[in-house]
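Undergrad: model the structure of this input:
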Amino acid sequence: MKLAHYIAFTRPLSVPVTLTMAMTGWLASPARGGIGDIGFLVVVHSILLWGGTNAFNSAEDRDDGPVNLLPNPPPLPPHLARFGIALMLLAIAAASARNLSCVVLVACAVALSIFYSWRGAPWRRGKDIPGVDNLINAAGCGLGSFCLGWCTTGAPLTTSALYLGVAWTVCLFGGMPTAQIFQLRRDDHAVTNWTSWLGAARTLRLGAVLFALHFALIARVTTLGIGTIIWGIGVLGAVVHSAWWSRDPFVEPYRRMLRQMTMLTTAQLAWALGG
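TA: Now for the predicted structure:
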């Protein structure tokens, strides 16, 4: 089996998105470091940790159809699960090059990834528990990624860092389920995850509400500037977009998901750079 097939299931297109999540914490840290920090986050957070998580999840789900940021997956390689776990373990080892906080955060993310995806485990896997599945995704991409970016600089975690991490988690709890809508069918009422349990239309309406709540949480601790203005436009644009999309969730869901993801990712990066 080609190495390219293994790499494809790490979903390389997710690297800019996941890096933005971690870079938000790095840019917000009072002890921001240099280019070495960015390289560390690219390798440890986006390639090893998230790449391994994506590969392991696809192996456990036996993905043979479109998944988020991999609309046309290749045939599943025979040892994809082991490959994914190996990448995640390498992420823990590489995190030790920084500090204990980074090691603990990455190790917690790996444990949650295995709990989320492992089929046949002695527990009901997190992905099959509606609500828990979305909370793991949102907290991992929000609070977890933000704190890893923050701790990469060597700064200790503070209540301010935790507050901001939670605020981004709120945003992602509303936004991440939209990546599942294109995998659903209008006439399929089986409950397999948060989105199918809540329903596509209600998921999008709730997303609009959570984006607005995120806006309120961040606005109260953010000073006005070019970056924050762009952030505000992006988040409020996502509020409108999500509410509009909810009128008919199954019309071009993949394209609309990419549009909304682009708005929110651009907004997050603008806030971080403008902060």
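
Undergrad: for residue 194, which non-adjacent residue is spatially closest?
TA: residue 134 (4.0 Å; CB to CB, 6 or more residues apart in numbering). No exception for glycine: its C-beta is placed from N, CA and C like everyone else's.

Undergrad: secondary structure element holding the one you found?
TA: helix 132-139 (DSSP states H and E).

Undergrad: list the buried ones in that helix?
TA: 132, 133, 134, 136, 137, 138, 139 (16 or more other CB atoms under 10 Å).

Undergrad: angle of whichever helix or strand comes after it against helix 132-139?
TA: Elements were assigned by DSSP H and E; along the chain past helix 132-139, the next helix or strand is helix 145-152. Relative orientation of helix 145-152 with respect to helix 132-139: 40 degrees, computed using axes from the mean of the first three to the mean of the last three CA atoms, to 10 degrees.

Undergrad: and for helix 145-152, what's in contact with it?
TA: 18, 21-29, 33, 37, 40-41, 45, 98-99, 101-102, 105-106, 157, 161-162, 164-165, 168 (CB atoms under 8 Å, 6 or more residues apart in numbering).

Undergrad: can you show me the helices along the stretch 51-200 of the chain?
TA: Across the stretch 51-200 of the chain, reading from the start of the chain, the helices by DSSP state H, counting those that start in this stretch fall at 80-95, 100-117, 132-139, 145-152, 159-175, 194-198, 200-219.

Undergrad: quickly compare the ones you listed and say which is most buried.
TA: Of all the helices of the stretch 51-200 of the chain, helix 145-152 carries the top mean neighbour count, a mean of 28, counting by mean count of other CB atoms under 10 Å.

Undergrad: CA-only coordinates of it in CSV, if you can.
TA: Extracted C-alpha coordinates of helix 145-152, given in CSV (Å, rounded to 0.1, in the frame of the first residue of the first chain):
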residue,chain,number,x,y,z
SER,A,145,-5.4,23.6,21.3
PHE,A,146,-5.5,27.1,22.8
CYS,A,147,-3.8,26.0,26.0
LEU,A,148,-1.1,24.1,24.1
GLY,A,149,-0.3,27.1,22.1
TRP,A,150,-0.1,29.2,25.2
CYS,A,151,2.0,26.7,27.1
THR,A,152,4.4,26.3,24.2
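
Undergrad: how far does that helix sit from the chain's center?
TA: Between the mean C-alpha location of helix 145-152 and the chain-wide mean there is a distance of 14 Å, by CA atoms, centre = their mean, to the nearest Å.

Undergrad: could you shift the numbering so residue one becomes 10, and keep it that way?
TA: Sure, I'll start numbering at 10, so the last one becomes helix 154-161.

Undergrad: that older thread, so which other helices or strands are in contact with the helix holding residue 143?
TA: Packing partners of helix 141-148 (3 or more CB pairs under 8 Å, 6 or more residues apart in numbering; DSSP states H and E): helix 109-126, helix 168-184, helix 203-207.

Undergrad: quick one: average pLDDT of that helix?
TA: Along helix 141-148, the predicted confidence averages to a pLDDT of 96.

Undergrad: next, the angle helix 109-126 makes with that helix.
TA: Taking the same axes, to 10 degrees, helix 141-148 and helix 109-126 form an angle of 150 degrees between their directions.

Undergrad: contacts for helix 141-148?
TA: Under the contact criterion CB under 8 Å, 6+ apart, helix 141-148 has outside partners 121, 124-125, 135-136, 178-179, 181-182, 185-186, 202-204.

Undergrad: apply 10 Å and report the result again.
TA: The contact list for helix 141-148, computed with CB atoms under 10 Å, 6 or more residues apart in numbering, reads 117-118, 121-122, 124-126, 133-136, 138, 153-154, 174-175, 177-186, 188-189, 201-204, 206-207, 212, 219.

Undergrad: all set, thanks.
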